[in-house]
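K.L.:
just coords:
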């Protein structure tokens, strides 16, 4: 099926937003993850577009949305999203968020609860769990040594050829340790939001103390193959949000929106139907 997508742009107060839009019915707004843009959700949207009004914006600083030279924060993304939805006269929506998009979706729902019918979250950032702080320090260390690590990444193929089989395990270990930097170099705004702000500022935007006030339906999706940090994030939201349900997908995959689009779409459909009656 070829999606009859409408690609649109709109000038907002802090920058121009780009989004993809298709379908009619209850409105679903899909918020992408830290290292992606709205295209991440197209496989899921394809399966829902005959029943729902689907929008997949690029967050401020991501994809084809404008990248203004500003100090990025979760609060800035909330105001960007609020202004966008108001401009389109979308008074009540379902928010679907992955990773960073899940953090923004939950934060938005807490601030504008009357405007959100429900949340669907996949590995949402924004709470303290085991492993996140360790990952935060490692990512920050990598970014502070960007030139050195970039040189190492460029050198790995050469090292692999020189080492042949003798040091292959050592070369692969370096590649594995440094591979996150490639994503980070391509997503500077995500790095600023997640790693490159003062820790006190990031702490102030975390949600663990506020999630008990989230009085709307929440669906959390995960698989058994999710990494330990993603599992911990899912379980924290499921425990703290009063109306949250945690669903385990029957299939296995690491990238839920793209690899498991059928199941993700099925659960979103069931969630919207059950909470619109």
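P.N.:
Sure, I can see it. This is a predicted model, so every value here is computed, not measured.
K.L.:
could you pull out the strands for the stretch 151-277 of the chain?
P.N.:
Using DSSP state E, counting those that start in this stretch, the strands found in the stretch 151-277 of the chain span residues 218-222, 244-248.
K.L.:
the last one to strand 218-222, inter-axis angle?
P.N.:
Spelled out, it's strand 244-248. If you take axes from the mean of the first three to the mean of the last three Cα atoms, to 10 degrees, strand 244-248 sits at 20 degrees to strand 218-222.
K.L.:
show me what strand 244-248 is packed up against.
P.N.:
strand 218-222, helix 228-240 (3 or more Cβ pairs under 8 Å, 6 or more residues apart in numbering; DSSP states H and E). (Each C-beta comes from the backbone N, C-alpha and C, glycine too.)
K.L.:
all helices of the chain, in order?
P.N.:
42-48, 74-87, 100-111, 132-144, 146-163, 168-186, 188-194, 199-205, 228-240, 256-259, 261-274 (DSSP state H).
K.L.:
circling back to that earlier point, just say which of the strands of the stretch 151-277 of the chain is most tucked in.
P.N.:
strand 218-222 (a mean of 24; mean count of other Cβ atoms under 10 Å).
K.L.:
how far is that strand from where the chain is centred?
P.N.:
13 Å (Cα atoms, centre = their mean, to the nearest Å).
K.L.:
just name the most buried of the helices and strands packed on strand 244-248.
P.N.:
strand 218-222 (a mean of 24).
K.L.:
please name the nearest non-neighbouring residue to the residue nearest the centre of the chain.
P.N.:
In the chain, the residue lying closest to the centroid (Cα atoms, centre = their mean) is residue 33, at 2.2 Å. Nearest residue to residue 33 in three dimensions, chain neighbours excluded: residue 99, at 3.4 Å (Cβ to Cβ, 6 or more residues apart in numbering).
K.L.:
what's the burial count for the one you found?
P.N.:
24 (other Cβ atoms under 10 Å).
K.L.:
so how far is residue 36 from it?
P.N.:
8 Å (Cβ to Cβ, to the nearest Å).
K.L.:
among the helices of the chain, which gets the worst mean confidence?
P.N.:
With a mean of 53, helix 146-163 has the lowest mean pLDDT of the helices of the chain.
K.L.:
help me confirm that the residue nearest to residue 33 comes into contact with residue 126.
P.N.:
No - using Cβ atoms under 8 Å, residue 99 is not in contact with residue 126; the gap is 9.5 Å.
K.L.:
give me the pLDDT for the residue nearest to the centre of the chain.
P.N.:
So, for residue 33, pLDDT stands at 93.
K.L.:
give me phi/psi at it?
P.N.:
Backbone geometry at residue 33, expressed as degrees, to the nearest 10, gives phi -80, psi -180.
K.L.:
equivalent analysis for residue 24, please.
P.N.:
phi -140, psi 160.
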